[in-house]
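In: coordinates only, sequence not included:
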């Protein structure tokens, strides 16, 4: 999912927010987040809960091909 910038219209931003909300309320995300929290906490990883949240979100976004990183000057 590309991050919204001035080149994006309101519809793009609304879709971005909708996609993130659907992921955050999914059983898959929450199960993965809890599993990672347990591993990270037991491994004494600093900010285990935040790291687990970020990693779970990134994993789901990547799995659903919702992460797009464009080089500067690239037009979608």
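Out: Yes, it's here. Please read these numbers as outputs of a predicted model, since none were measured by experiment.
In: Quick check: buried residues in the strand or helix carrying residue 55?
Out: In the assignment (DSSP states H and E), residue 55 maps to helix 48-63. Neighbour-count burial for helix 48-63 flags 48, 51-53, 55-57, 60-61 (criterion: 16 or more other Cβ atoms under 10 Å). All C-beta spots, glycine's among them, are computed from the backbone N, C-alpha and C.
In: swap in stretch 33-49?
Out: By neighbour count on 16+ other Cβ under 10 Å, the buried set for stretch 33-49 is 33, 36-37, 40, 48.
In: Among the residues you listed, name the ones in helices.
Out: Within these, residues falling in helices by DSSP state H are 33, 36-37, 40, 48.
In: Adding distance to residue 22 as columns, could you present the buried residues of stretch 33-49 in TSV?
Out: As requested, these are exported to TSV (distance: Cβ to Cβ, whole Å):
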residue	distance to residue 22
33	15
36	19
37	21
40	24
48	25
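In: Just the closest of those to residue 15, please.
Out: Comparing the buried residues of stretch 33-49 against residue 15 with Cβ to Cβ picks out residue 33 as the nearest, at 22.8 Å.
In: Next, the contact list for the closest one, please.
Out: By Cβ atoms under 8 Å, 6 or more residues apart in numbering, the contact set of residue 33 is 52-53, 56.
In: One more: residue 34?
Out: With Cβ under 8 Å, 6+ apart, residue 34 has these contacts: residue 52.
In: quick one: pLDDT of it?
Out: At residue 34, the pLDDT value in this model is 98.
In: any idea how far it is from residue 57?
Out: 13 Å (Cβ to Cβ, to the nearest Å).
In: got the contact list for the residue nearest to residue 37 when sequence neighbours are not counted?
Out: Residue nearest to residue 37 in three dimensions, not counting chain neighbours: residue 52, with 4.2 Å by Cβ to Cβ, 6 or more residues apart in numbering. Residues counted as contacts of residue 52 (Cβ under 8 Å, 6+ apart) are 33-34, 36-37, 39-40.
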